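what follows is a predicted structure for the sequence shown.
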Amino acid sequence: MIACFKKVERHTWQQVEATAGGKKSGLGYTRLKRNELPDRGRRLSEDARDRVFELRLGLKGRVLCFRDDRVCHVVWFDPNHKITG
C-alpha cells in the first residue's frame with residue numbers, strides 16, 4: 001500500500017485519474033458507483049459515497065478511497081479484490 005501511495009505522490013490528481021481504463025498495469029484509477037460499495041459503505045456520508053474510487057496495489061490488492069481537495073482518505077484496504085472484483 002505504501003508503494004502505491006508513493007506512486008500517487010509523484011503525480012497530479014489529473015494524472016492519477018488518467019490511469020483509468022482497461023490497462024492491467026499502473027494505478028488503475030476506477031471511480032465506483034454507490035451500488036458497487038459493500039454494505040459498510042452506508043457508514044460514509046452521502047457526499048463521500050459518491051466520490052469513492054479504487055487504486056490498484058498489484059494483481060489483486062485494491063485500496064478504496066475518496067478525496068477532499070488535496071487530501072486522500074483511505075476507506076478500505078481490499079487485499080483480495082473481493083469488494084468490487
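The structure has been received and is ready for your questions.

list the contacts for the closest residue to residue 26 other than its chain neighbours?
Excluding the flanking residues, the one nearest residue 26 by C-beta to C-beta, 6 or more residues apart in numbering is residue 19, at 4.7 Å. For the C-beta atoms, the positions are set from N, CA and C on the backbone; glycine is no exception. Residues in contact with residue 19 (C-beta atoms under 8 Å, 6 or more residues apart in numbering) are 26-29.

report the buried members of the residues you listed.
27-29 (16 or more other C-beta atoms under 10 Å).

sorry, back to before: list just the nearest of the contacts of residue 19 to residue 71.
residue 29 (16.5 Å; C-beta to C-beta).

that closest one touches residue 53, doesn't it?
Yes. Using C-beta atoms under 8 Å, residue 29 is in contact with residue 53, at 6.0 Å.

would you mind finding the longest helix in the chain?
Longest helix of the chain, by residue count under DSSP state H: helix 2-9.

flag every buried residue along it.
Going by neighbour count (16+ other C-beta under 10 Å), the buried part of helix 2-9 is 4, 7-8.

now do the residue nearest the centre of the chain, the pLDDT please.
Among the residues of the chain, the one closest to the centroid is residue 54, at 1.9 Å (C-alpha atoms, centre = their mean). We have a pLDDT of 92 for residue 54.

please apply the same query to residue 18.
On pLDDT, residue 18 comes in at 90.

equivalent analysis for the one 4 residues further on, please.
Residue-level confidence at residue 22 comes out at 66, pLDDT.
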